[in-house]
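>>> please work out how this folds:
(2 chains)
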Number of protein chains: 2
Amino acid sequence: MGEVAIVGVAMTRFGKHPDVPVDNLAREACWAALKDAELTPRDIQAIYCGHVFQGRIVGQQVVKGLGISGTPTFNVENACASGSTALHLAWTAVTAGMIDVALVLGVEQLSSRGSGVIPPDQNDLEGLLGRTNPGTYALMARRHMYQYGTTAAQMAQVAVKAHQFGSLNPHAQYQNRVTLEEVLSSRMIADPLTLLQCCPTGDGAAAVIIAGAERARRQTAKPISIAASVIVSGYPKTGGSDITTHPSTKAAAQKAYEVAGIGPSDVSVVEVHDAFSIGEIVHLEDLGFCPKGQGGSLVASGATGPDGRLPTNTSGGLLTKGHPLGATGPAQIVELTWQLRGQAGARQAGAPKVALAHCMGGVIYGRDAGACTIHILHR
Amino acid sequence: MGEVAIVGVAMTRFGKHPDVPVDNLAREACWAALKDAELTPRDIQAIYCGHVFQGRIVGQQVVKGLGISGTPTFNVENACASGSTALHLAWTAVTAGMIDVALVLGVEQLSSRGSGVIPPDQNDLEGLLGRTNPGTYALMARRHMYQYGTTAAQMAQVAVKAHQFGSLNPHAQYQNRVTLEEVLSSRMIADPLTLLQCCPTGDGAAAVIIAGAERARRQTAKPISIAASVIVSGYPKTGGSDITTHPSTKAAAQKAYEVAGIGPSDVSVVEVHDAFSIGEIVHLEDLGFCPKGQGGSLVASGATGPDGRLPTNTSGGLLTKGHPLGATGPAQIVELTWQLRGQAGARQAGAPKVALAHCMGGVIYGRDAGACTIHILHR
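Just a heads-up that it's a prediction; the model follows:
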């Protein structure tokens, strides 16, 4: 099986774009990614579109606007990990040598669908009864505080750092900086998580073009290799009361490190699924970047900020870059590609060689995430 | 790349099951397919779930009930071709050798979602303005009559034949026989298509387990090989006024025959996407089973019926077996597997060696189907 590399990336600015149709958002990202890859739509051999709420065959609507026809198009849904799941499927086909160039698209136009927030599905009994994502992560936060002494200030620091990076990212939904005090005193959403510790809803699109290694080398001077693409689904919650960890993340990370032949200490820059501040702390632990329970002090130490040893969510993360569901996974890959190429502008994190993207989503009673993906990239 | 074979198939009876939750429907099909394959859920290395309206991460909900965890799960949507698209993605991963055993699931519970009929999506401007599927196929029928002399009786004969087969299929939504007169005098839906020439909405699930060739041979005495799995998307309508053909079907068929190294005359039994009677006639032409314009007389000749040279939709087809969107593609594969194994009971079509499944769906302005899949199977 052949190696696969990223040859083009792009994204729209994330934010509230209620008047921009979903296919316009998507095409903006696609055209820019094609330009970045110096490819035309005709070079694309398959399209994998990750989204959650965009209706039927949205990928095909986008493709029509690219002026190509016949190209196999797949719409993929795995809740908040829809876009990264689409990348995994594209990577599968290119790795297998079935196709040589694939376009991965993630898109979400939440403003114009329903109320603009994420409604629980009618199959999601717990969600319908009130166990929404903020509530679930609040429980996780409280338990983490109790069990490991994590403080409200440490969690709030995640949001301060996110805004620090977000203020340097022209694609971020929020580009303002905030103080620790502002985070802590913002409106309470689900105790102890205040407003600025919860990701916003929004609209946006991100596109990633991948190619077989040989084609990639012909295509670009700076191909970014995909060293691992791993997905796991539906791990059970760990036994007893330990709600301070995601078994899915641990399992996926272990497999990804094994496939890539590296360990956590080899990773220079990382994007994790920080839908809530406590999430980033837990993910950093589950990914092996610090011992269990020490995520809070890791963040407080500045290690995950600018000039830290492991800059985390340099894009601003879901907290400030935004979280248009389907677009989130590909957007993480866009940011990490820019970092590995040295194109991340004011938020460039040195000269990283290895990057890791972690994305997850989908709540089912008694289960951990419906899908958790890990992608390890290197230059 | 390795060969791939079908080792287990099953489906629920299609019909109106408003009180059966979607995951129960799905699990019934999954357990039966596992039993058919003599496998346990732990043998499954990935799950590909095709559906349209079942909400978020429905595949994961089903998997939870199978008592397994961690197994990568993908939800795939390509309108009426969602389930066959899921099969293509599973086939890709097994062909690549990334996994050895995959479960493909198609499921739809329309009765309990919305009004039980298929609403146009908010992105589908033409649909919202009234160009629904029955209207579109009625235009196709009128033009076919004008251009090729196809008669109302020939089209109605498709429904008579569908009910003939459906009456022999215990999994079909409708198991009654009807006369030509009954078809022609049933309520007019979109002139010239009467009620009995339009597929019903309904609920149901179908499951297909595939494996690498070596594993398949160990697993079953009657593996059914997948000789071709082809998908195309979004062909433009052919130029001018020719609305009597689906360019997607022609393109996908050409590629599938090429990959399988066969021609239409080698096919012994076929399932086509007969959402409307005229559809079956057009598909038979586009698949090369008769010259363009002669689909009506092919059907009238009895060639596609029991004891004909090309038994078509022996399951009863979408018209009588039913059309629970996501389940339709896998259900076609279930029927053809039974035919190739000689397990189709009273509707067994001799001892067929090669079978073809054609599935399509997804309407976009100015384009042919959003996705069209062809699978060629042989024993």
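>>> what about A:Ala102, which helix or strand?
In this assignment (DSSP states H and E), A:Ala102 forms part of strand A:101-109.
>>> the helix or strand just after that strand near chain B anywhere?
Next helix or strand after strand A:101-109 toward the C-terminus (DSSP H and E): helix A:125-128. No - on the criterion CB under 8 Å from any CB of the partner chain, helix A:125-128 is out of touch with chain B, staying 9.8 Å away. Using the backbone N, CA and C atoms, a C-beta is placed for each residue, glycine as well.
>>> got a list of contacts for the very next helix or strand once past helix A:125-128?
Per DSSP H and E, the first helix or strand lying C-terminal to helix A:125-128 is helix A:133-148. Applying CB atoms under 8 Å, 6 or more residues apart in numbering or on different chains, the contact partners of helix A:133-148 are A:118, A:150-152, A:155, A:189-193, A:198, A:241, A:243-244, A:275-279, A:281-282, A:292-294, A:296, A:363.
>>> over to stretch A:108-116?
Here stretch A:108-116 has contacts from A:16-18, A:20-22, A:25, A:51-54, A:117-118, A:201-205, A:324-327, B:122, using CB under 8 Å, 6+ apart.
>>> and it, what's buried?
The neighbour-count check on stretch A:108-116 (16 or more other CB atoms under 10 Å in any protein chain shown) flags A:108-113 as buried.
>>> and stretch A:206-224, by the same measure?
In stretch A:206-224, counting by 16+ other CB under 10 Å, buried: A:206-213, A:215-216, A:219-220, A:223-224.
>>> tell me how far A:Glu335 lies from A:Pro120.
According to CB to CB, to the nearest Å, A:Glu335 and A:Pro120 sit 30 Å apart.
>>> with A:Pro192 instead?
23 Å.
>>> picking up where we left off before, direction included, what does the strand holding A:Ala102 pair up with?
Here strand A:101-109 has these sheet partners by DSSP bridges: strand A:46-50 (parallel), strand A:203-212 (antiparallel).
>>> lowest confidence element among the helices and strands of chain A?
Sorting the helices and strands of chain A by mean pLDDT, DSSP states H and E puts helix A:125-128 at the bottom, at a mean of 82.
>>> list the buried residues for that one?
So helix A:125-128, judged by 16+ other CB under 10 Å, has buried residues A:Gly127.
>>> so what's the closest residue to chain B within the stretch 151-300 of chain A up against?
Going by CB to the nearest CB, chain B is nearest to A:Ser233 of the stretch 151-300 of chain A, at 3.9 Å. Contacts for A:Ser233 were tallied using CB under 8 Å, 6+ apart; they are A:78, A:248, A:369-372, B:47, B:59-60, B:63, B:70-73.
>>> the residue lying closest to it once chain neighbours are set aside: neighbour count?
With CB to CB, 6 or more residues apart in numbering or on different chains as the criterion, A:Ser233 has its nearest non-adjacent residue at 3.9 Å, and that residue is B:Thr73. Other residues within reach of B:Thr73, judged by other CB atoms under 10 Å in any protein chain shown, total 30.
>>> my read: B:Thr73 touches B:Gln61, true?
No - using CB atoms under 8 Å, B:Thr73 is not in contact with B:Gln61, being 9.6 Å away.
>>> look up which helix or strand A:His163 falls in, please.
helix A:152-166.
>>> now that helix: buried residues?
A:152, A:154-166.
>>> got the phi/psi numbers for whatever residue of the stretch 1-150 of chain A ends up closest to chain B?
For the stretch 1-150 of chain A, the residue closest to chain B is A:Ala96, as judged by CB to the nearest CB, at 3.0 Å. Per-residue torsions, A:Ala96: phi -70, psi -10 (degrees, to the nearest 10).
>>> not counting sequence-adjacent ones, nearest residue to it?
B:Ala96 (3.0 Å).
>>> how near is that neighbour to A:Val4?
12 Å.
>>> who's more crowded, those two?
A:Val4 (26 against 19).
>>> who's that one bridged to?
A:Gly212.
>>> now do the same for it: its pLDDT.
Predicted confidence (pLDDT) for A:Val4: 97.
>>> the helices in chain A, which residues?
A:22-37, A:58-65, A:82-95, A:125-128, A:133-148, A:152-166, A:180-185, A:213-219, A:247-260, A:277-286, A:295-300, A:317-320, A:325-341 (DSSP state H).
>>> now for the ones you listed, which one comes closest to B:Arg177?
For B:Arg177, the closest of these is helix A:58-65, at 38.4 Å, according to CB to CB.
>>> can you show me the CA trace of that closest one as PDB?
Extracted in PDB, the C-alpha atoms of helix A:58-65 (Å, rounded to 0.1, in the frame of the first residue of the first chain):
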ATOM      1  CA  VAL A  58     -24.600  18.200  -0.500                       C
ATOM      2  CA  GLY A  59     -21.300  17.000  -1.900                       C
ATOM      3  CA  GLN A  60     -22.800  16.600  -5.300                       C
ATOM      4  CA  GLN A  61     -24.200  20.100  -5.200                       C
ATOM      5  CA  VAL A  62     -20.800  21.500  -4.500                       C
ATOM      6  CA  VAL A  63     -19.100  19.400  -7.200                       C
ATOM      7  CA  LYS A  64     -21.600  20.700  -9.800                       C
ATOM      8  CA  GLY A  65     -20.300  24.200  -9.100                       C
END
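>>> if anything else comes up later, I'll come back, but that's it for now.
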